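A.B. asks: 3D, please:
(one chain, ligands or ions: 1)
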Amino acid sequence: MRFSGLVLLASATLVGACGGGENKPKDTTSAPASAANPPANPAPAAGAVAKIPATGKTWEVKMIGDDKGYRFEPADLTIKTGDAVKFIMVTGGPHNVSFDPATTPADSKAQLDANMDGKSAELMGPTLMNPNEEYVVSFGGVKPGKYEFHCTPHLAMNMKGTITVQ
Ligand SMILES: [Cu+2]
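C.D. replies: Here you go, the predicted structure:
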């Protein structure tokens, strides 16, 4: 099977040379100096933090709810800066992973938040409903410290864990 390259040339040459008669507006009032239009500012806000992808190992944490209770397995994990943690929905959802803004180390809070895709709120990952759904959090640029997390729907059932970054 062979494809011959099909090149679509969209030649958008506008031939509308409109040299129409000059229709000067009557100059009865002098045009006011143009109001200062605020320039569009596409630049990100100062202090914005960009996501830093993981470069190290990817660890796995299962999210489980069964007759033994609701839990992360393992609940406590030690990783290195630049690793990633993959949360896997196994049973008993919906689950999520939510870091507590009050306990997350201040010097890495913005970075961790920036590293989380599809957040529902600050430091709160999306809700995983179905078995084998995954949510990966990069710890790129996240400094050493202890990061406490929980599952929002099952916080009252003590579905909590910690990630220690070395
Ligand atoms: Cu849960």
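A.B. asks: For the chain, give me the ranges with low pLDDT.
C.D. replies: Scanning the chain with the threshold set as pLDDT under 70 gives 1-47.
A.B. asks: and it, which of its residues are near the ion?
C.D. replies: Contact residues, the chain versus the ion (Cβ under 5 Å from the ion): 95, 151, 153-154, 159. In short, each C-beta sits where N, CA and C put it, glycine included.
A.B. asks: if I pick the residue nearest to the spatial centre of the chain, what's in contact with it?
C.D. replies: Closest residue to the average C-alpha location of the chain: Asp117 at 2.9 Å, with Cα atoms, centre = their mean. Neighbouring residues of Asp117 by Cβ atoms under 8 Å, 6 or more residues apart in numbering: 51, 126, 135.
A.B. asks: Neighbour-wise, which one of the residues you listed leads?
C.D. replies: Counting neighbours by other Cβ atoms under 10 Å, Tyr135 leads the contacts of Asp117 with 21 neighbours.
A.B. asks: Ser98 against Glu148, yeah?
C.D. replies: No - Ser98 lies out of contact with Glu148 (Cβ atoms under 8 Å); the separation is 9.8 Å.
A.B. asks: Looking at those two, which has the bigger crowd around it?
C.D. replies: Neighbour totals were compared for Ser98 and Glu148, and Ser98 leads with 22 against 15 (other Cβ under 10 Å).
A.B. asks: now that one: how far from Lys57?
C.D. replies: Going from Ser98 to Lys57 by Cβ to Cβ, to the nearest Å gives 23 Å.
A.B. asks: Repeat that for Thr164.
C.D. replies: For Thr164, the distance to Lys57 - Cβ to Cβ - is 14 Å.
A.B. asks: Which one's more surrounded, those two?
C.D. replies: With neighbours defined as other Cβ under 10 Å, Thr164 and Lys57 compare such that Thr164 has more, 14 against 11.
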